[in-house]
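Peer 1: following is a predicted model, sequence given first.
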Amino acid sequence: MPPPLAPFGELSNSSAQPVAYIDTVGLFVGADRLPDLPPNILSRLREANRNEAFIDDNACYPNGGFIGKRYEVNQPTLDVFNVLDELQAACDATVSRFDIAVDFLRNRHAMKKRLLRQAILKRRSRMCPLMNDHKNTTYWIDTTHRAEAGMKPPRRNLALYSDRPFRLTDDEQPCTHFELRILDPDAVRRELDAAGVGYKPSDILRINPAHHFDRNVSLLNISDDNIERWIQQQPRPHRIRGEIKRFFPDHRAQELHLIYGIKGKLLPLDELGIPASLTVLGGSPNDSILHGRTSTPKSPALYPANADASATPAHRVRHGRLRPTTGANNGVHRVRIDTRIRNRMRGILREA
């Protein structure tokens, strides 16, 4: 059994280990159950959350029709989870979202650079492979591009920034903040099933953060030498080199991997040091719900550990699975970027 979670206020300011916690949790209440809402639910959530964090009660209007409300709480305390449990029991609400955050306190700039370049969100579509930088925060899925392509909002996303202080202490210590966002009720259910816990909001506190990051995130190291060797294999290397230099100067694996199919070496996620248990805001560390899962996570690799980028490209990845390429050009994979992707890249340059 892992050690109990650290309560809010007992974290060491000098701690250099990464800290994992629930950054946002949300419940959806159907329109037919709104009359059953407990009285003064918003004021009770604000009081339970010390009146410090953002609480939202957005109405949902997909396709123009009202179907219910979402109640989302940022930086929830243990008391908030107790109130949400009561809300779920009264209205048959569904957990519609939870975000697992990891704050890296040591070498934050180097960690941010590494995550930007190597982190890949598993099992995602190649239709919208671009990342999005917005107000010093990077998102692995560009929701604007998805909307322009007529696609639904993403069920999962990653977010990263390093310009804000560590949230669990008051000393304004800077950190790199990395979030795994589960944004859809079906995705939430799959993650909770994988964790082997129930579907109550408080059950989220029992999950193993390292297990869920391993399920959803890969580290793919694509070096500059690997990129150059791959470019030399293409029919028009000068055009491809100029395109990568213009649109992807940071050489982020997420974009190079999904758009061009460039391969690299898969690294173990254990190198990030993501903890196996959550830190809770408020409450007692001896509560029974504060113990995490101890099973070792297992997830299939996108590429073999000894993948050689200099070899002839023989696979492309679709939805996180390896599929062999076929056809002409003596096995050489011709790069064809979707017109919508190319137009979006040009739009980003115009906005800059």
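Peer 2: Cool, got the structure.

Peer 1: average model confidence for stretch 162-175?
Peer 2: What stretch 162-175 shows for mean pLDDT is 78.

Peer 1: and stretch 262-275, by the same measure?
Peer 2: pLDDT averaged over stretch 262-275 gives 93.

Peer 1: mind checking how far A149 is from I231?
Peer 2: 27 Å (CB to CB, to the nearest Å). Glycine gets a C-beta too; all of them are placed from N, C-alpha and C.

Peer 1: who has more neighbours, these two?
Peer 2: For A149 versus I231, the count of surrounding residues by other CB atoms under 10 Å is larger for I231: 20 against 15.

Peer 1: you'd agree that one is in a strand?
Peer 2: No. Going by DSSP: H, G, I helix; E, B strand; the rest coil, the assignment for I231 is helix, not a strand.

Peer 1: that one contacts I240, doesn't it?
Peer 2: Yes. Using CB atoms under 8 Å, I231 makes contact with I240 at a distance of 5.3 Å.

Peer 1: all strands of the chain, in order?
Peer 2: For the chain, the strands defined by DSSP state E cover 19-30, 55-60, 68-74, 94-104, 119-121, 132-134, 137-139, 156-161, 176-182, 217-221, 265-267, 315-318, 321-324.

Peer 1: strand partners (parallel or antiparallel) of the fifth one?
Peer 2: Strand pairing for strand 119-121, using DSSP bridges, gives strand 217-221 (antiparallel).

Peer 1: for the strand it pairs with, give the mean pLDDT please.
Peer 2: 95.

Peer 1: picking up where we left off before, of the strands of the chain, give the one that comes closest to R206.
Peer 2: Closest approach to R206 among the strands of the chain is made by strand 19-30 (11.2 Å; CB to CB).

Peer 1: wait, doesn't G30 sit right on F66?
Peer 2: No. Here G30 does not reach F66: they are 10.3 Å apart, not a contact under CB under 8 Å.

Peer 1: could you check which of those two is surrounded by more residues?
Peer 2: Neighbour count, other CB under 10 Å: between G30 and F66, G30 has more, with 14 against 11.

Peer 1: who touches the more buried one in this structure?
Peer 2: I67, G68, C91, D92 (CB atoms under 8 Å, 6 or more residues apart in numbering).

Peer 1: from L78, how far out is the first one?
Peer 2: Plainly put, I67 is 30 Å away from L78 if you go by CB to CB.

Peer 1: look at these two and report which has more neighbours.
Peer 2: For I67 versus L78, neighbours defined as other CB under 10 Å are more numerous around L78 (20 against 14).

Peer 1: any stretches of the stretch 101-250 of the chain with poor pLDDT?
Peer 2: 170-171 (pLDDT under 70).

Peer 1: one more time with 80, if that's ok
Peer 2: Counting by pLDDT under 80, the stretch 101-250 of the chain has low-confidence residues at 125-128, 145, 147-150, 167-172.

Peer 1: what's the neighbour count on the residue lying closest to L267 once chain neighbours are set aside?
Peer 2: Using CB to CB, 6 or more residues apart in numbering and skipping the chain neighbours, the partner closest in space to L267 is L219 (4.1 Å). When neighbours are counted by other CB under 10 Å, L219 registers 20.

Peer 1: re earlier: who wins for neighbours among the contacts of G30?
Peer 2: Among the contacts of G30, C91 has more neighbours than the rest - 23 neighbours, counting by other CB under 10 Å.

Peer 1: re the thing from before, dig out what the residue nearest to L267 forms beta bridges with.
Peer 2: Taking DSSP bridges as the rule, L219 bridges to A119, L267.

Peer 1: distance of it from N107?
Peer 2: In terms of CB to CB, L219 sits 16 Å off from N107.

Peer 1: follow-up on the earlier one: closest one of the contacts of G30 to N136?
Peer 2: G68 (33.2 Å).

Peer 1: okay, the closest one: pLDDT?
Peer 2: For G68, pLDDT reads 88.

Peer 1: now swap in H315 and tell me
Peer 2: On the pLDDT scale, H315 gets 34.

Peer 1: L11 too?
Peer 2: On the pLDDT scale, L11 gets 42.

Peer 1: I'd assumed F104 was in contact with F178.
Peer 2: Yes. If you go by CB under 8 Å, F178 and F104 touch, sitting 7.0 Å apart.

Peer 1: contact partners for N82?
Peer 2: Counting by CB under 8 Å, 6+ apart, N82 has contacts A48, S202.

Peer 1: how far away is it from P38?
Peer 2: Taking CB to CB, one finds N82 at 12 Å from P38.

Peer 1: check V29 too.
Peer 2: Distance of V29 to P38, computed by CB to CB: 11 Å.

Peer 1: neighbour count: the two, which is higher?
Peer 2: V29 (25 against 12).

Peer 1: which residues sit in contact with the more buried one?
Peer 2: V29 sits next to L37, G68, K69, R70, Y71, L87, C91, A93 when contact means CB under 8 Å, 6+ apart.
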